[in-house]
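*Asks:* sharing a sequence plus its predicted fold:
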Amino acid sequence: MTLQITVPAAPTDADREAVLAPLRAFNISQAGDPRIRPVAVLLKDDNGVTVGGLWGRIGYDWLFVELLAVPEEARGGGHGRALMAEAERIAREVGCVGIWLDTYEFQARGFYEKLGFTLFGTIGDYPVGHSRFFLQKRF
């Protein structure tokens, strides 16, 4: 088989899937089906409009929190803590061993540490002048 390297000007979802397919197959052959499923815990206003919340996915018995957002005017009201508590409840209910996430230096590391998360990795200068932190909470 002859292979060539190309760099598309505008990568597509199909390009991503083409890269992901052999990786997914290999991972499944080594570690089994990750049983990936999305998790959403939403914040809605009085009109039923989603204004924030938590978005993540469960895979290989861990919940990864990809996004957590509380509208600025509602911060400090316990909504972030409530979102994380519901996510933890869901993770425990389906048998996860823990939750992991990442946050930037200018975001919420202290918030997560107050919830029992511990640091397991850091990337300096991401973005330049700041750090990105990776945290986990094992059950």
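*Replies:* Structure's in. What do you need?
*Asks:* need the helices for this structure, in chain order.
*Replies:* 13-31, 79-93, 109-114 (DSSP state H).
*Asks:* in this protein, which spans are strands?
*Replies:* Taking DSSP state E, the strands of the chain run over residues 37-44, 50-59, 62-69, 98-104, 118-124, 131-138.
*Asks:* what's the closest of the ones you listed to L20?
*Replies:* Distance to L20, taken as Cβ to Cβ, is lowest for strand 50-59 among the strands of the chain, at 13.1 Å. The way it works is simple: take the backbone N, C-alpha and C, and place the C-beta from them, glycine included.
*Asks:* now what about the closest one, what contacts it?
*Replies:* 34-45, 63-71, 74, 79, 83-84, 86-87, 91, 94, 96, 101 (Cβ atoms under 8 Å, 6 or more residues apart in numbering).
*Asks:* starting from it, tell me which strands it pairs with and how they run.
*Replies:* Here strand 50-59 has these sheet partners by DSSP bridges: strand 37-44 (antiparallel), strand 62-69 (antiparallel).
*Asks:* and the ones you listed, which is most packed in?
*Replies:* Ranked by mean neighbour count, those are led by strand 62-69 with a mean of 18 (mean count of other Cβ atoms under 10 Å).
*Asks:* using CSV, write down the CA coordinates of it.
*Replies:* This file holds the C-alpha atoms of strand 62-69, laid out as CSV (Å, rounded to 0.1, in the frame of the first residue of the first chain):
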residue,chain,number,x,y,z
TRP,A,62,-15.0,7.9,33.5
LEU,A,63,-17.1,11.0,33.0
PHE,A,64,-15.2,13.7,31.1
VAL,A,65,-16.7,17.2,31.8
GLU,A,66,-16.0,19.0,28.5
LEU,A,67,-17.9,22.2,29.2
LEU,A,68,-19.3,23.9,32.3
ALA,A,69,-20.9,27.4,32.1
